[in-house]
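Enquirer: Got a predicted structure here, sequence first:
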Amino acid sequence: MKIFIKKKKNVKLSEVLRLLKIDNYNDNKSEVVNDIKDIMSAKNNEITFFNNLKYKDQIKNSKASFCIIKKNFLKLLPNTCTPLVVDNVLVSLSKITNLFYPNSINDDYDSDLLHPNGSKNFSNVHFGNNVLLGKNVKIGNECFIGHNSIIESNVIIGNQCSIGSNVIIRKSVIGNNVNVLDGAIIGKKGFGFFPNQNSNIRYPHIGLVIIGNDVEIGCNCVIDRGSLSNTIIDNNTYLDNQVHVAHNVRIGKNCIIAGQVGFAGSSKIGDNVMIGGQAGISGHLDVGDNVKIGGGSGVIDDIPDNDKVMGYPAKNIKKFIKINKWAID
Amino acid sequence: MKIFIKKKKNVKLSEVLRLLKIDNYNDNKSEVVNDIKDIMSAKNNEITFFNNLKYKDQIKNSKASFCIIKKNFLKLLPNTCTPLVVDNVLVSLSKITNLFYPNSINDDYDSDLLHPNGSKNFSNVHFGNNVLLGKNVKIGNECFIGHNSIIESNVIIGNQCSIGSNVIIRKSVIGNNVNVLDGAIIGKKGFGFFPNQNSNIRYPHIGLVIIGNDVEIGCNCVIDRGSLSNTIIDNNTYLDNQVHVAHNVRIGKNCIIAGQVGFAGSSKIGDNVMIGGQAGISGHLDVGDNVKIGGGSGVIDDIPDNDKVMGYPAKNIKKFIKINKWAID
Amino acid sequence: MKIFIKKKKNVKLSEVLRLLKIDNYNDNKSEVVNDIKDIMSAKNNEITFFNNLKYKDQIKNSKASFCIIKKNFLKLLPNTCTPLVVDNVLVSLSKITNLFYPNSINDDYDSDLLHPNGSKNFSNVHFGNNVLLGKNVKIGNECFIGHNSIIESNVIIGNQCSIGSNVIIRKSVIGNNVNVLDGAIIGKKGFGFFPNQNSNIRYPHIGLVIIGNDVEIGCNCVIDRGSLSNTIIDNNTYLDNQVHVAHNVRIGKNCIIAGQVGFAGSSKIGDNVMIGGQAGISGHLDVGDNVKIGGGSGVIDDIPDNDKVMGYPAKNIKKFIKINKWAID
C-alpha cells in the first residue's frame, strides 16, 4: 500500500546512524534496512520508534529489528530489537522517515491531473463536469464522481460509490458502496510538526486513509491521512457533516458519528460506537466497543466497552446526571 | 413544492398494506391514497406517522386519513384517522415514503447541469466562471452567482441575492435579498438512516430547504434538507460561518447564530433568538422566542420564551453563574 | 494597505456631521477629514470611535482628531480629540465608514477574474487547473496554487507558498513559506451587522487579513477580514482543520491551534499560545503569551501570560482538576 509515496531502496544502517548522530554503534553498519513502521507493523530489518508509555506492552512484542528510543526507556525493549538511542525520538523519527520517503513532507496539489473525458478505463463511471483525475486512479463499477471533484494519483475507489461535488481525495483507498458527500476532503497530511521558534518542522505523512465498505462521509468533513500508520474508517460507519478526523485515528465498524465531532490524532474507536454532535475525542485514547458518547462531551480518558458517557471531562452518564442534578437543585 | 421529487400517482391502499405486511385490514383496500406527510401537514386521503409522545397533542388534531403507529399509542389517535399498526414506525415510514417517491433515497450529483452562458432566462443575473445550473432553475433579478457554484435542478432563488463561490444548492427555495457565502452547501439529504449491522438502511429525504428573505448563510455552512417535512430558515436570520443545520430544523425570524453552532434534527427555534458560537442544540427540542443561548452551551431540553441560558446542560444563566461561582470560590 | 477598497477623498467635516445628524457643531465645518480608523491607528485629521470601556486606557492616548462617542463617555476623551456625540456609536461608525469607503458593504464575488495561463507575471508560479486570478494579484517565486482556487484582485502572496485546491482568498496579504490547505476561505467579510427587525443592517468591512511568514492554515478553515482594523495571524503560527477566525482577531507568533477551534471577533492572542481542539474564545478578550488552553474549553475572560486553563468557563487547570475531582469522588 506504499504505492502512494516512493520509497528509497537499499538504505544502509550507516546512513541511519549518521542522520541520528549515533557514533558508538559497533555492529555491522553496512546492513541494509528496509523501512520505518509503527510498533505493530514493523518486521525484521525494519525500524520502529517508542515514545509513549501507553505502548509499553506492544513494544515488548514488536518484531522490528531496530527501535528509535530514549535512554530511559531502554529496558522496555525486547532483546531481538536493537536500540537506536536518541534525545528526541520524534525529530529522529521524522528524519528517518524522510530518508526512506524523500518528498513526503511536501503536500502540494497533484499537478498530474487530467479530465477523464472518454477514457476507456472508466466506462462504468459517471463523471460530473470538470472532474480531475490523477495517474493510476482506479474506480469501480457504477460509481458517480460529482462536479469539480479531484481524485489525485493512485487513489482506489470500489464499486457503487457516490462521490459528491467539490470533493478532494488523495492518498486513500475506499471500499464498495461508500458515499462521500459534497466538500469533503480526504487524505491530506495531518497536523503533525515539531514546534520550533520561528519555523516549525513539519514531519512526513506516509500513511493513507483506508475507508471500508458501506461508509458515509458527510459534507465538509476533513479526514487526514496517517503519519506513519494509516487513518482507518471501518465498514458501515457513518459520519455526519463537518466531522474532523485527525491522522492515525482508527474508527471501527457500525459507528454513528454525528455532526461536528472532532477526533484528535491516533485515537482508536471500537465497533458499534455512537457519538453525539460536537463531541471531542482527545488524542491517543482507546474507546471500547458499543460505547455511547453524549453530544458535546469532551473525552480525555480511555472508555471501556459498553460504557455510556457524557460531559466534560466525559464521565459515566449516571455519575454525570447525579452531579448535574445536585448542581441544579 | 414537491416539484423537486417525482411522486407516484394512484397508489392504492392495498399496496401500502402489502409493504407494511398488514393483513388484517377489513375496509376498502382499493381506495387511493395521495401522499405521506408529517402530522400537521397531512390531509384527507393522506398518510402520516406517530412515533414520539412529544407530538401527542398534534396527533389529536391531525387531518390525516391514515397513521402509521405502534399498538401501544393507538388510543392517542382521533377517530377520523385509521391506524396502520406496525412494529417499527420509522422503517415503515421509510418504506412508504419510498413507495410514493421512488429514487428519493439516492443523493448522487445532478447530472443535468449546464453552463448558463448567454441563456436568455438569466439576463438579469451575474454569473462567475464555471457556474453550473440544473433544469428549471429560477433566479430573480440582480443576483450574483459566484465562481464554480452549482445550482441543481428546480432550485428557486429570489431577487437581489448574492451567492458566493464554490456554493452548492439543491432542492431549495430561497427568498429575496439572501446572501449565501462561499463554500456553503444547502439542501443535501440529512443524516437519516436506520442503524443496521453491516449495512445501515438510508431513508428517503423528500423535504426541502426553505430560506426566507434577508437571510445570510456563512461560509462552509451545511444545511440539510428535510426528510418528510422541510428545513426552514425564516426571514432576517443570520448564520455565521461553519454552522451545521440538520434535517427538519426550523429556525424563526430575526435570529443571530454565531460561528460553528450545530443543530441536531427536527428542533424548532423561535423568533429573535441569539445563539453564541459553538453552542449545540439537541434534536426534537422547542426553543422559544427571544431566547439567548450562551456560546459553547449544550442545549438538551426545551427552553421557554425569553429565557437566557448557558452551560452544559444549558441552564438559566443566573443558576449557571451561581453554580460556577461556587465552584470557583 | 487600503489598496483593496477605494477611499473617497476630500471628505468634509460638514458631510460627516450631516450624516450623524449633529447640528450643534460650532467650529470650522469645511475642514477636510482623511479617514476613519480604530483608536490606536487613527492620526491627525482622522476619525475614530469609542464604545467599550475595555479600551479606556487606549482612548486617552489616541492621536485621532475626532471621536464618535456617547455622551456619558465624554470625560474619557483627551483634549486633543473633538467629540462627535451620537446615541448609537456602532450605527454611526457604519455610516461614516460607508461614507469614506462606498461599496465596502457589498461582498459579491470578484467578477474580474481570469485564468492565469501563460501570463508572464507568474513565470515562477505553478498553477493547477481552473485557477482564477483577479487584477493586480502578486504571487512570489516557487509558489503552488491548487486546482479551482480563486485569488481575488489585489491579493499579495509571498515566496514559497503552497496554496491547496478549492481555496478562496480575497482582501489578504500573505507572507513567505505559508501553506493554505484545501477548501480554506480567507478574507470574506466578518459576521458584523446591527440587528434590526425585518432587515439587519450590514456594516462595512474595510480591514484585511494579514498572514505572516511560515504560517499554516488547515482545510476548510474560515478567516474573516477585519471590519475597521485587520485580522492578523503572525509568523510561524499553525491552524489545524476547520478553525474559525472572526473579524479583527489577532493571533501572535508560534501559536498552535488545533482542529475546530473558534475565535469570536476582536480577541487578541499572544505569542507561543497552544489551544486544544474545539476550544472557543469569546470576543474582545486578551489572551497572554505562553498560554495553554485545553481542548473543548470555553474562554470567556482574559487570560494572563503563562497561565494554563481548561473547562467552561475556562479556569486555571489546577482549579479545574480540583473541582472535577471533587465532583467525581
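Expert: Thanks, I have it.
Enquirer: could you say what helices and strands the lowest-mean-pLDDT helix or strand in chain A packs with?
Expert: Here the helix or strand of chain A ranked lowest by mean pLDDT, DSSP states H and E is helix A:317-328, holding a mean of 77. Contact partners of helix A:317-328 among helices and strands, from 3 or more CB pairs under 8 Å, 6 or more residues apart in numbering or on different chains; DSSP states H and E: strand A:308-310, helix B:317-328, helix C:317-328. Any C-beta I mention is one placed from the backbone N, CA and C, and that applies to glycine too.
Enquirer: Including mean neighbour count and distance to C:Lys171, could those go into TSV?
Expert: Converted to TSV, the helices and strands packed on helix A:317-328 look like this (neighbours: other CB atoms under 10 Å in any protein chain shown; distance: least, CB to CB, whole Å):
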stretch	mean neighbour count	distance to C:Lys171
strand A:308-310	21	42
helix B:317-328	14	37
helix C:317-328	14	38
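Enquirer: still on that earlier bit, who touches the least confident helix or strand of chain A?
Expert: Contacts to helix A:317-328, defined as CB atoms under 8 Å, 6 or more residues apart in numbering or on different chains, come from residues A:292, A:294, A:308-311, A:315, B:313, B:315, B:319, B:323, C:327-328.
Enquirer: In a markdown table, list these along with distance to A:Asn52.
Expert: What follows is the contacts of helix A:317-328, written out as a markdown table (distance: CB to CB, whole Å):
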| residue | distance to A:Asn52 |
| --- | --- |
| A:Lys292 | 27 |
| A:Gly294 | 28 |
| A:Lys308 | 28 |
| A:Val309 | 23 |
| A:Met310 | 28 |
| A:Gly311 | 26 |
| A:Lys315 | 24 |
| B:Pro313 | 34 |
| B:Lys315 | 39 |
| B:Lys319 | 41 |
| B:Ile323 | 37 |
| C:Ala327 | 29 |
| C:Ile328 | 25 |
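Enquirer: which pair in those spans the largest distance?
Expert: Spatially, the most separated pair among the contacts of helix A:317-328 is A:Lys292 and B:Lys319, at 27.1 Å (CB to CB).
Enquirer: And A:Leu285, how close does it get to A:Pro195?
Expert: Taking CB to CB, to the nearest Å as the measure, A:Leu285 falls 22 Å from A:Pro195.
Enquirer: right, I mislabeled it, should have said A:Lys189
Expert: Separation of A:Lys189 from A:Pro195 (CB to CB): 17 Å.
Enquirer: More neighbours: which of the two?
Expert: A:Lys189 (25 against 13; other CB atoms under 10 Å in any protein chain shown).
Enquirer: ok, that one touching A:Asp108?
Expert: No. When contacts are counted by CB atoms under 8 Å, A:Lys189 is not listed as touching A:Asp108 (10.6 Å).
Enquirer: pull the CA atoms of the least confident helix or strand of chain A into CSV?
Expert: What follows is helix A:317-328, C-alpha atoms only, in CSV (Å, rounded to 0.1, in the frame of the first residue of the first chain):
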residue,chain,number,x,y,z
ILE,A,317,-23.8,9.1,32.4
LYS,A,318,-25.2,8.1,35.8
LYS,A,319,-22.5,10.0,37.6
PHE,A,320,-23.0,12.9,35.2
ILE,A,321,-26.7,13.1,35.9
LYS,A,322,-26.1,12.8,39.6
ILE,A,323,-23.6,15.7,39.7
ASN,A,324,-25.7,17.8,37.5
LYS,A,325,-28.9,17.2,39.4
TRP,A,326,-27.1,18.2,42.5
ALA,A,327,-25.8,21.3,40.9
ILE,A,328,-29.3,22.3,39.7
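Enquirer: so what's whatever residue of the stretch 201-329 of chain A ends up closest to chain C up against?
Expert: Closest contact between the stretch 201-329 of chain A and chain C, by CB to the nearest CB, is at A:Gly298 (3.7 Å). Applying CB under 8 Å, 6+ apart to A:Gly298 gives the contacts A:279-280, A:282, A:311-314, C:278, C:295-296.
Enquirer: Just name the closest of those residues to C:Ala184, please.
Expert: For these, the closest approach to C:Ala184 (CB to CB) belongs to C:Gln278, at 18.3 Å.
Enquirer: which ones are touching the closest one?
Expert: Contact analysis of C:Gln278 by CB under 8 Å, 6+ apart lists A:262, A:278, A:280, A:298, B:278, C:258-261, C:295-296.
Enquirer: domain parsing for chain A?
Expert: As assigned by automatic domain parsing, chain A contains the domains A:11-100, A:120-326.
Enquirer: Pick the most deeply packed of those.
Expert: Highest mean neighbour count of the domains of chain A: domain A:120-326, a mean of 22 (counted as mean count of other CB atoms under 10 Å in any protein chain shown).
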